[in-house]
Each structure stands twice: as C-alpha cells, then as structure tokens.
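In: here is a sequence together with a model predicted from it:
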Amino acid sequence: MRAERSAAAARTDLDPFAPPLHSRATSERLRLAFDGLPDPYLIATAARDQTGRIVDFRCVDANRAACEQIGSDLDDVLDRDVLDLVPDIDCAALHADCVRMVDEATRTGVFVPISADI
C-alpha cells in the first residue's frame, strides 16, 4: 500500500497533468454518484484548431439523466460533439459560454461550470 502511495505521489510530482490513481471501487462509487444525479450532466473537452482556438467540444462522459434526455445510451454519447447531442438549444450561445468558461479557467485556475437548459 505504501509503495502504491509513493508511486502515485512521485508520478503526480513528475507529471502534474497525470490522472490520479483510483481503485476500481472508487471509480465505481464515483460512477454511481454521477449517475444518481437527477439533473443531466455532460463532461466535455475542448477541441482546438491549429491556432489554439476552441472550435468544438466533445463529450467524454455523461450521467444517466443526460443520456435519457438525449435519448441515447452512454456508448452512443461518448466522443460526440456536444452541440450535436443537444440540437434544440441555442448552439451559438452555448458554444460562447463554454469558450468563456474554458478561457476563464485557463486564466485564473478556477473552474466555474455553466448550465444549459436542455
């Protein structure tokens, strides 16, 4: 156990962007908690062009409520453009809000999630 903690600490010290090491049980608990949220949530990553400008967002995870609202299962939602998943919302406004959120988090180091009524 100590060796695992030391290895995780050393890895994080060497690579601050390395994902944390979680046990399978921790991952399962996080999945249950995320899926248990009554409101729909998507987790997305910014897709950038060669100049670094954000051009899109790709879904990397979604909870059960989001999948139900979209009408697809998780496997069909993953790696899809967020704006394609929720076509009934104001795409330009959502994209602009997401870009502002990423830019602000990059500048300040503070992440403030946005909300979209879908």
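Out: All right, it came through fine.
In: what's the helix ranked longest in the chain packed up against?
Out: Of all the elements of type helix in the chain, the one with the most residues (DSSP state H) is helix 91-108. With contacts taken as 3 or more C-beta pairs under 8 Å, 6 or more residues apart in numbering; DSSP states H and E, helix 91-108 sits against strand 42-48, strand 54-62, helix 82-85. Every C-beta, even on glycine, is put in place using the N, C-alpha and C of the backbone.
In: centre of the chain to the last one, how far?
Out: Here helix 82-85 shows a centroid-to-chain-centroid distance of 14 Å under the convention C-alpha atoms, centre = their mean, to the nearest Å.
In: for the closest residue in space to Leu85 that isn't next to it in sequence, give me its contacts.
Out: Counting by C-beta to C-beta, 6 or more residues apart in numbering, Ile70 is the residue found nearest to Leu85 once chain neighbours are left out, at 5.3 Å. Taking C-beta atoms under 8 Å, 6 or more residues apart in numbering, we find Ile70 in contact with Pro40, Ala62, Val77, Leu85, Val86.
In: lowest average confidence, helix or strand, in the chain?
Out: Taking mean pLDDT, DSSP states H and E as the measure, helix 2-14 is the helix or strand of the chain with the lowest mean score, a mean of 44.
In: beyond it, next helix or strand please.
Out: Per DSSP states H and E, helix 2-14 leads on to helix 24-36 as the next helix or strand towards the C-terminus.
In: list the buried residues in that following helix.
Out: Neighbour counts using 16 or more other C-beta atoms under 10 Å place Phe34 of helix 24-36 among the buried residues.
In: contact partners of that helix?
Out: With contacts defined as C-beta under 8 Å, 6+ apart, helix 24-36 is touched by His22, Tyr41, Asp61, Asn63, Arg64.
In: that one to strand 42-48, inter-axis angle?
Out: 100 degrees (axes from the mean of the first three to the mean of the last three C-alpha atoms, to 10 degrees).
In: quick one: average pLDDT of helix 24-36?
Out: For helix 24-36, the mean pLDDT works out to 87.
In: got it, and stretch 51-59?
Out: Confidence over stretch 51-59 (mean pLDDT, whole number) is 87.
In: and it, how far from the chain's centre?
Out: The offset between the C-alpha centroid of stretch 51-59 and the centroid of the whole chain comes to 13 Å, using C-alpha atoms, centre = their mean.
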